[in-house]
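>>> Quick one, structure for this:
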Amino acid sequence: MVTLRSKKRNQSEPDLKKKILYIDMDSVLVDFIGAFDKLDKDLQEQYKHNKDEVPGMFGQMLPLEGALDAYDKLSEKYDVYILSSAPWKNPSAWSDKLEWVKKHLGPKARKRLILSHHKHLNRGDYLIDDRPNNGAKQFQGEWLRFGEKGGFPDWQSVLDYLL
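Okay, here's the model as predicted:
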């Protein structure tokens with residue numbers, strides 16, 4: 001008789017029993033504006049019209065208040081992925097975002113970072129994003145607009161709704 005052992009699910013593998021939740025990075029998980037405001041005044045002036053093109057800035061960003069705790073709580077109920085865009089003219093942003101995820105979210109977010117300029121191509125149930133850009137507005141699931149311009153001003157309001 002052959003006995004099958006149950007295999008423990010690797011956190012980087014999808015959990016087919018849970019709904020899929022995507023979370024944007026800039027101004028959702030990370031404090032984008034706070035990082036820009038801390039730059040040298042000359043850099044701020046140089047990049048005032050292209051804030052996301054500052055080399056190395058994405059690696060310096062701090063988590064938004066409540067973001068890391070919310071990620072942990074939501075990961076218990078949902079199959080959570082980070083779905084972000086990286087500026088086309090800022091190659092360091094691509095690697096900086098990966099390093100940020102490793103540093104602040106660690107192994108629980110391993111292989112859960114998706115960088116795309118077409119968020120609407122991802123299938124899922126929810127997308128938490130602060131802007132309608134890069135396909136967020138066309139996302140086929142429910143778009144939860146995060147921040148002062150949306151219906152979800154902070155992480156507590158997101159947790160109240162999703163949990």
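>>> contacting residues around the longest helix along the chain?
When the chain is parsed with DSSP state H, its longest helix is helix 91-105. If you take Cβ atoms under 8 Å, 6 or more residues apart in numbering as the criterion, helix 91-105 is touched by 25, 29-30, 52, 55-59, 61, 63, 68, 71, 82, 84, 86-87, 109, 112-113, 115. Quick note: C-beta positions are derived from backbone N, CA and C, even for glycine.
>>> Going through the residues you listed, which ones are buried?
Buried members of those, scored by 16 or more other Cβ atoms under 10 Å, are 25, 29-30, 52, 57-59, 61, 63, 71, 82, 84, 86-87, 109, 112-113.
>>> Mind checking which of those residues land in strands?
If you go by DSSP state E, the buried ones among the contacts of helix 91-105 have 82, 84, 113 in strands.
>>> Settle this for me: the first one is touching Leu21, isn't it.
Looking back up the chat, that one is Ile82. No - contact criterion Cβ atoms under 8 Å: Ile82 and Leu21 do not qualify, at 10.2 Å.
>>> Now intersect the buried ones among the contacts of helix 91-105 with the helices, please.
Using DSSP H, the members of those that fall within helices are Tyr71.
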